[in-house]
Every structure is written in structure tokens, then in C-alpha cells.
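1. Sequence and predicted model, in that order:
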Amino acid sequence: MDLDERLRDELRHAVEPGQLREDDALDDVRATHRRGLVRERVTRQTIAVAVVVSLFASVAIIVSWRNAPDHAGVAAGSDRFSSTVTIRVALTAPSLSTSTTTSRTFKLADPRTLALAPSTRRAALLSVQLSLDDPSVDFRAALNPTRDLLSLTVTAPSARESTAVTREWASAFAKAERAEAIQLLDLRNRALDRRITVLHQHLETIDAELIRIDPATFKGRLGFPGHHHMTDPATPPLHVPEAGSVHELNLANERIQILSQLADAGADAARNQISLGGPPISQNLAQTRAVRVETSSPPTVPLLVSWAIGLVVVLAGAFFLYRRRTRATRQVAE
Amino acid sequence: MKRRAESPDDADAAFDALFRREFGPITRTAYLIVGNWEVAREIAQDAFVQVLRHWKKVQEMESPGGWVRRVAIRDAVRARRRDARGRLLLRTVASRNADEPESVSGDVRRALLTLPRQQRAVIALHYLEDRPVAEIASLLGCSEGTVKTHLSRGRSALAACLREEVTDGPG
């Protein structure tokens, strides 16, 4: 027996005892095929759902991004311009002078709060005929470390709008500040009137008591300039009698103090009147030209990029599954 | 001549006929290549699962049996993915196969397992299925010269193991 015949016999003999179990194998093949079909269908449906959900998510992201107030200008593809006006705000240190020829200084509210108040911003927008709810105009106010310079910055879609709104904002701020000062002065004048009235009433009471105690000394000599008891303006100043009683002396000294308080109140009233017609409380120093500002990438951009990468991965997975399914056929067909 | 199944029942019947005709020879050839009945059965079953998956195309081919044999033999020769699973299977079925009789005679089995898988496939197709060199080359996707080389080297190696003198070359 030569080698070829021996090999042929040996190999055929070798595979004879193999237990093929064809029926079981056929059942296994059909079961495996059914499982594969189910798996393919589930995979296909999952990919379809992922693509659809991804598309809906992308549309939602883009729509929300375009509607976001902070990104409206960016979404429209327009640039942003910024202009700043610098204002010297009112001094807050109290004046030490008591002269009636100097104006009174006021401690007003925080300039930033006043500038960013809705009424102030609305006044600026109305002045340039922009919508009160215009989301594309951004207002920012800042004080320097010494708190005497206020920077008002407006960012708008155009240079013209930015410049105009900034200018009008500064004007609206000055008006608001003056209105607040006038309101404060009015309150002070009312309080001063009440105080003067009380002092006058007290003075009349004291004068009546002094006349009652010592008519020889005080009758016809008491009163306040302009007061109806003052019969003769040229009357010499009243001296406190050295021989009077303690009560009489106390009343006379108290009268002198009331007269002094009335004189101070008059000086206050004069200063308030001067302040009403005085110079502006704040002063515009300079306004910059509108300059183009760099717009930072909105947070949705990374989200869109992530979504795009995810979509590409899903599509690549679908394509890979399709290629894998047809690979065997193509390889054999080569 | 292309064939086409006209109904699902006809398709099932055609597949069953193909399975019963080709499963045995393919499993035996795969066994000679991989050296394990369980792995060979798995390779053959997977090949038929591929047939079912692509049945519409396969049934239109001139030789569906050749297609499934080609898939199975290529899978057995490559068998990279199955090596790990095969080792696991060998461990898990070792006790089951321990009681079975030695399937291949000791000398031939040991000699065959020393050959590369490509040579095992050529030897199996040539001596077990009596395939000519041209058909073996078509099945393995290589040239006839390569098949002859593998056949010659495999035959020499087996002869050395069997201590027989190599006389005439096959093919």
C-alpha cells in the first residue's frame, strides 16, 4: 500500500466514528439564525430610533439656541459693538462749611443701582426708539476702586445703537440722579419747616412767660425778626437782667439758644435753595467710540459638536453592521 | 442554471436538502483541519447559519454546496477567533470526549496536527474528498501552485511521521 492510499484510508477511517447528530445541528442552525434575525431587527430599530431622536434633539438645540436672548445677535450672524461713558459721580463726603453761600452735598443711592434701575434703562431705550424688551442690548455699570468714577457700558448689535444708547443712558442717569436729589431736598425742607415751626412755638411760649414774670423788662421788647411781637426793629438787643429770678434767667438763656437754632435752620434753608439751582450732581467725563467686541462661543456650540460626533458614530455603526452583514457574501463572490 | 425557491416551504425544503447533503462532509473536513469534533460542528453550523442569512443569494448560485464549503473551510483555516473558544471548548468537553474512542489513528492524527492549518485543509480536501487541485485552489482562494506546494510539503511531513518513503507526488 503506497502512501497516498494509506493516507486516504487512514483519514476516511478517522472521520467515521464522528457523531454528526445532523438533526440537532439543523435545529441549532435554525435557532441561531432566528436569534440573529431578532438581534438584527433590534439593532436596526435601535439605530433608527437613535437617529430620529438625535435629529429631534439637534433641531431642539438649534431652536433653543436661536431663541436664547444672550445669543440672539450671534445667531443672526451680526457683530456686537460696545461703547462706554465715564461719569464723575457725586461726592459723598459731607461739607464742613457752614456758609450759606455754598451748596449742600447729598449722599445718594449707589450709582450702579441707580444706573441699572429698570426705569433708567427704559428711559435710555425709549430715547433711541428701541424696544423696551430688546434682548440684544446689554447694559453694564461699574465703579472704580475709589468709587468716584462710574463706567456705563452698552453692547448693541450696531455701533450707532451702542453709541446712542450709551449717551442716552448717561443722560437718563443724570436725570434720575437729579430727581433723586430733588426728592431728598424736598424731604429735608419739609423736616426743616417742621423744626422751625416748633422752635417758633417754643419761643412764643417763653416770651409770654417772661412778660408775665417781668413785664417791666420784657414787655414790648421780645419777638423774632418778622414776628408780630417785634414792634420796633431798631430796638437794642435784650440783656438778661442780673437781678432776676433763676427761672427768669433760665428762660432768658433758653430763648437765646432757640434764636441760635432758628438762625441755623435759616442757613440750612438757604443752602437747600442754592442746591436746587446749583451745578449738576454728576459730570460726564468722556464717551468712547463704539468698538467691535469679541463674542464668546455660546455653550451650545460644544453641545452641537458633541451631537454631530454622536450622529456620525451612530451612522458609522449602522454602516459597519451593514458591511458586516454582506461581508461573507462579497468575500465568496470574489 | 440558477434555481429559485418559489415559496417559504420550498425554500425550507431546499435548505434542508442542502444541509443533509453537505453538513456531514463539511464537518468531517473541518474536523481534519481543526482536530476537534465540537469545534468542527460549530464551524459547519456557523457556515449554514450564513447560508440561511444569505439564502436568497446563495440559492441563486450554481453550487450552493461549494459556497457553504468554502465559508466553512476558510473559517476553519483561519479560526483565529475560534482558537480561544476552541481551547475553552476543549477544556469543557474534555471529560465528555474522554470516553469516546480515538477518532483518528494515533500516528496520522499526531502527524496531521503538526501541519499548518492550510496544509491540513489541502490534505483533507485532497485525500478525504478527492478534490482536484484546481477545485481546492478555488475553495481556499489561492493559486494551484500554492495548493501543490502545500500538498507536497504536507505529504512529506506525514510520510516522515509514518516512516514511509515518498514516491510519486499527488495531483
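-> Thanks, I have the structure now. Numbers count the residues shown, from 1 in each chain, chains lettered A, B, ... in the order given.

2. After the lowest-mean-pLDDT helix or strand in chain B, which helix or strand is next? Please name it.
-> Sorted by mean pLDDT, DSSP states H and E, the helices and strands of chain B end with helix B:80-98, the least confident at a mean of 49. The element immediately downstream of helix B:80-98 (helix or strand, assigned by DSSP states H and E) is helix B:106-114.

3. List the contacts of that next one.
-> A:7, A:10-11, A:14, B:32, B:35, B:102-104, B:120, B:123, B:157-158, B:161-162 (Cβ atoms under 8 Å, 6 or more residues apart in numbering or on different chains). Placement of C-beta: from N, CA and C, glycine included.

4. Would you check how far apart the closest residue to residue B:141 other than its chain neighbours and residue B:119 are?
-> Closest residue in space to residue B:141, ignoring its immediate chain neighbours: residue B:74 at 7.0 Å, by Cβ to Cβ, 6 or more residues apart in numbering or on different chains. Distance, residue B:74 to residue B:119, using Cβ to Cβ, to the nearest Å: 15 Å.

5. Check what pLDDT residue 5 gets.
-> Answering for chain A, as no chain was given. Residue A:5 is assigned 83 on the pLDDT scale.

6. hmm, I had chain B in mind actually
-> Reported pLDDT for residue B:5: 47.

7. again with residue A:197
-> pLDDT, residue A:197: 91.

8. ok, residue B:158 - how many residues close by?
-> 25 (other Cβ atoms under 10 Å in any protein chain shown).

9. thought it was touching residue B:120?
-> No: assessed by Cβ atoms under 8 Å, residue B:158 is found out of contact with residue B:120, at 10.2 Å.

10. residues contacting the closest residue to chain B within the stretch 51-200 of chain A?
-> The stretch 51-200 of chain A approaches chain B most closely through residue A:51 (23.9 Å), counting by Cβ to the nearest Cβ. By Cβ under 8 Å, 6+ apart, the contact list for residue A:51 reads A:311, A:314, A:315, A:318.

11. what's the helix or strand for the third one?
-> Okay, so that is residue A:315. Assigned by DSSP H and E, residue A:315 falls in helix A:300-333.

12. Which strands and helices lie in contact with that helix?
-> helix A:22-67, helix B:37-53, helix B:64-78 (3 or more Cβ pairs under 8 Å, 6 or more residues apart in numbering or on different chains; DSSP states H and E).

13. one more time with 7 Å
-> helix A:22-67, helix B:64-78 (3 or more Cβ pairs under 7 Å, 6 or more residues apart in numbering or on different chains; DSSP states H and E).

14. so how many other residues sit close to residue 28?
-> Let's take chain A. Neighbours around residue A:28, by other Cβ under 10 Å: 17.

15. hmm, I had chain B in mind actually
-> 23.

16. repeat for residue A:319
-> Neighbours of residue A:319 (other Cβ under 10 Å): 11.

17. got any ranges where chain A has weak pLDDT?
-> A:1, A:17-19, A:67-78, A:90-108, A:223-241, A:276-280, A:294-300, A:325-334 (pLDDT under 70).

18. next SSE after the top helix by length along it?
-> Selection of the longest helix in chain A by residue count, based on DSSP state H, yields helix A:159-213. Once helix A:159-213 ends, the next helix or strand along the chain (criterion: DSSP H and E) is helix A:215-218.

19. right, and the helix or strand after that following helix?
-> helix A:246-276.

20. backbone phi and psi for residue 13, please?
-> Since you didn't name a chain, this refers to chain A. phi -70, psi -30 (degrees, to the nearest 10).

21. Burial check on the residue of chain A at minimum distance from chain B, number of neighbours?
-> Using Cβ to the nearest Cβ, residue A:14 is the residue of chain A that sits closest to chain B, at 3.5 Å. Residues near residue A:14, counting by other Cβ under 10 Å, number 20.

22. Next: residue A:35.
-> A count of nearby residues for residue A:35, using other Cβ under 10 Å, gives 11.

23. swap in residue A:129?
-> 7.

24. Wait, residue A:81 touches residue A:153, no?
-> No: assessed by Cβ atoms under 7 Å, residue A:81 is found out of contact with residue A:153, at 10.9 Å.

25. Check what pLDDT residue B:167 gets.
-> 53.

26. On the three-state scheme, residue A:153 is what?
-> Under DSSP: H, G, I helix; E, B strand; the rest coil, the three-state class of residue A:153 is strand.

27. out of everything not next to it in sequence, what's closest to residue 28?
-> Went with chain A since none was named. That would be residue B:45: by Cβ to Cβ, 6+ apart, it lies 5.5 Å from residue A:28.

28. The chain in question should be chain B.
-> residue A:15 (4.0 Å).
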